[in-house]
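Colleague: Let's see this in three dimensions:
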Amino acid sequence: MKLFLGLVLYAAAKVLAQFPTIVPNLTTISSPVDPSIKISYKVPNGACTTAFDTQEQYTGWVNVPGDYPTNLFFWFVGAREPSSILTIWLNGGPGSSSMFGFFTETGPCEVVDSAAEDKYVTIAKEWGWDRASNMLFIDQPNQVGFSYDTPTNGSLDLLTNNIYSPPERRPNSRTPMVFLNGTFSSLNANHTANTTETAAAAVWHMLQGFLGAFPQFNPPDNGSLGVNLFSESYGGKYGPVFASKWKDMNAARANGTVSNSTTLDIHLTALGIVNGCVDDLIQAPYYPVMAVDNSYGLVTINSIRAQMANASFYKEGGCQDLIRQCRAAVSTRDVANSGAVSSVNDLCNRAYTNCLTNVVQPYSDAGRSVYDIAALLPDSFPPSRYLSYLNSASFQSAIGTTMNYTETNTQVVAAFLATGDYERQALIPELASLLDAGIRVGFMYGDRDYICNWLGGEAVSLSVASAASTSSYSSSFPDAGYAPIIVNESYIGGVVRQFGNLSFSRIYQAGHFVPAYQPETAFQVFARIIMGTSVSDGKPIDLSSYNTSGPANAMSKLDLPPSPTPTCWLRNIPGSCSEEQQNQLLSGEAAKDWSSVNILNGALVTGTETLPISTVISTATETEPLTGLFTATSTPRSAASSLGVDGSLLRVVGLLWVSSVMPLLYVY
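Modeller: Presented below is the predicted three-dimensional model:
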């Protein structure tokens with residue numbers, strides 16, 4: 001598990017490893033809709049280079065009323081061309097910042113090295129999702145990323161990611177480059193959400209504040225284009241629960257249960273889930289399958305081990321049995337799903353631990369990344385240079401923060417783990433209800449991911465169709481064939497099954513964070529979901545009857561690319577550095593001879609090693625314009641089988657680690 005705080009390269013450690021002294025220079029107002037909600041914001045000049053200078057940007061915090069201080073951070077970026085569409089992006093965790101998605105996946109810009117050593121600049125991202133929509137990135141729950149309760153000074157050990165408050169003197173076993181001072185949230189696990197349900201309430205209030213202060217970004221309450229919610233990994237839980245919360249609150253406004261004068265409708269038109277872990281009752285049996293019978297012909301564990309993992313799911317007192325006991329207890333003893341009943345929490349935590357240990361964890365024998373079966377550990381894709389940039393004084397001043405950046409918050413992890421949130425809710429009914437309400441539901445899964453793999457994702461999509469009260473989905477969706485996803489004039493990026501408002505896409509040669517691996521494919525799928533067009537080719541369709549046609553399954557085999565050479569990033573030591581590299585960063589010989597440790601642009605460099613410049617290959621045949629969507633006119637020959645990606649996935653952020661090799665679920 002990772003936490004990242006403070007920009008400290010050795011040459012500048014003495015200056016930058018101190019508490020931020022930023023003057024925020026924020027504009028603070030009360031929400032015109034609900035005066036109890038405060039919004040503090042500014043224009044983040046110079047923080048993110050967009051495709052066009054005319055694109056609006058705002059960073060800030062919405063102070064949400066409650067039992068403890070809650071200041072949820074947001075970053076709004078206007079679309080490249082005028083648009084009434086708003087897309088909200090959430091990374092998962094629980095406890096992971098959406099700034100990861102902003103700078104490495106779907107945001108408008110990315111961080112690159114400048115001509116000056118140990119300096120960074122941003123450049124516009126060709127396939128940022130601002131190409132098709134206004135974008136709102138939110139750090140949640142409270143204390144994640146730049147969100148905070150009470151600013152608290154502390155010390156961070158980059159080798160372990162432990163945070164100490166009050167600040168501690170650097171131990172002799174640590175060099176100055178890995179033991180930093182900074183400002184964090186309170187580190188109080190009681191000052192954040194402990195279930196997805198409680199997180200949903202906070203984000204609903206946050207959006208009431210944001211849309212109240214910026215009504216021009218709230219799409220109209222009618223029409224096929226409106227607010228979209230896209231969430232990743234643990235977002236397989238956030239997405240359905242948050243969207244259902246908005247739907248329920250809209251209904252409460254309509255029937256007078258909630259005041260119309262102090263609240264706003266959130267007109268949701270599409271929900272997208274990217275490699276989401278939605279429900280272990282459905283997805284857990286596919287972990288052993290993915291380990292030995294994936295679409296790349298890679299056998300990661302022996303068949304006996306896989307059979308035992310599969311059997312453990314079904315046995316009495318096993319994963320399936322304990323999940324059902326957990327959910328029965330929630331439904332009778334914690335109906336509000338508040339996480340306030342200890343006996344229920346203990347049962348649900350036990351269910352999660354059992355599933356993780358016996359069904360998921362055997363894959364750790366392979367020594368491969370849970371985010372990309374092609375990558376051997378350590379796995380350092382995407383590059384972590386943005387972590388240094390987010391903790392630079394110039395960046396912090398630009399966005400108006402007095403806090404250091406914390407990529408993954410251990411207090412949030414602990415709070416969700418304590419309640420067993422991962423297993424508490426059956427979310428298929430929520431998703432089916434959204435589908436019945438006319439909301440477009442799109443699943444997008446990279447086919448090299450293990451931890452929320454596409455086999456389980458496909459099973460979730462079929463379960464949603466079966467649960468929908470609109471009877472045509474239960475038969476017409478599974479009967480729809482898989483059609484190619486035509487990305488551009490020369491590339492097929494995957495296959496999609498679609499009937500009406502429901503779609504499931506398998507994205508070729510992508511790990512857990514699809515937009516980081518295949519940016520153009522991910523963008524086209526996203527754009528087609530929010531526009532209500534064919535996910536296969538982008539053409540206009542009649543959603544009341546449209547279905548794809550093609551093969552009945554999506555099991556075509558592809559070639560697995562070789563494992564990339566990892567880069568040891570100073571901001572991501574446990575996730576990207578080998579044991580030998582970690583030893584280099586300890587005091588020992590390094591303290592006696594600093595020349596033995598060469599840190600360049602935030603990475604440990606040894607010998608003739610060079611830092612990665614590009615992490616994904618382009619599938620386009622020529623430079624594309626920075627605006628517009630692709631609509632197919634013909635079907636190109638698929639190049640997917642020969643497509644390789646120079647990189648694997650990210651680090652150990654996406655799952656809460658309980659050992660050096662396998663995480664306790666905590667997915668980006």
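
Colleague: residues in contact with the closest residue to G46 other than its chain neighbours?
Modeller: Of all residues not flanking G46 in the chain, A398 sits nearest, at 5.2 Å (C-beta to C-beta, 6 or more residues apart in numbering). The C-beta positions use only the backbone N, C-alpha and C, and glycine is treated the same way. Each residue near A398 by C-beta atoms under 8 Å, 6 or more residues apart in numbering is listed here: P44, N45, G46, A47, T59.

Colleague: What score does the closest residue in space to the fourth one that isn't next to it in sequence have for pLDDT?
Modeller: Residue nearest to A47 in three dimensions, not counting chain neighbours: A398, with 3.9 Å by C-beta to C-beta, 6+ apart. If you check A398, the pLDDT there is 97.

Colleague: Now name the helix or strand holding A398.
Modeller: Element membership of A398 [criterion: DSSP states H and E] is helix 393-399.

Colleague: next SSE after that helix?
Modeller: Using DSSP H and E, the helix or strand that follows helix 393-399 towards the C-terminus is helix 410-419.

Colleague: pLDDT averaged over that next one, what's the number?
Modeller: The pLDDT scores in helix 410-419 average 95.

Colleague: now swap in stretch 546-560 and tell me
Modeller: 96.

Colleague: hmm, who's touching stretch 51-60?
Modeller: 26, 39-44, 47-48, 50, 73-80, 108, 124, 128, 130-131, 214, 398-400, 626-627.

Colleague: Among these, name the ones in helices.
Modeller: Using DSSP state H, the subset of these located in helices is A398, I399.

Colleague: Buried by neighbour count, from the contacts of stretch 51-60: which ones?
Modeller: In the contacts of stretch 51-60, burial by neighbour count holds for 39-42, 44, 47-48, 50, 73-80, 108, 124, 128, 130-131, 214, 398-400, 626, counting by 16 or more other C-beta atoms under 10 Å.

Colleague: Which ones among those residues lie within strands?
Modeller: Mapping the buried ones among the contacts of stretch 51-60 onto strands (DSSP state E) picks out I39, S40, Y41, K42, F73, F74, W75, F76, V77, A124.

Colleague: Contacts only, for the fourth one.
Modeller: In other words, K42. Applying C-beta under 8 Å, 6+ apart to K42 gives the contacts P24, N25, L26, T27, Y58, T59, G60, I399, G400.

Colleague: gap between the second one and A398?
Modeller: The one in question is N25. When distances are taken as C-beta to C-beta, to the nearest Å, N25 and A398 turn out to be 10 Å apart.

Colleague: CA atoms only for the helix holding A398 - export them in CSV, please.
Modeller: Presented in CSV, the C-alpha positions along helix 393-399 are these (Å, rounded to 0.1, in the frame of the first residue of the first chain):
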residue,chain,number,x,y,z
ALA,A,393,5.8,24.3,-4.1
SER,A,394,4.8,25.8,-7.4
PHE,A,395,2.0,23.2,-8.0
GLN,A,396,0.7,23.5,-4.4
SER,A,397,0.6,27.3,-4.8
ALA,A,398,-1.2,27.0,-8.1
ILE,A,399,-4.1,24.9,-6.8
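
Colleague: ok, and for it, which residues are buried?
Modeller: Quick answer for helix 393-399 (16+ other C-beta under 10 Å): F395, Q396, S397, A398, I399.
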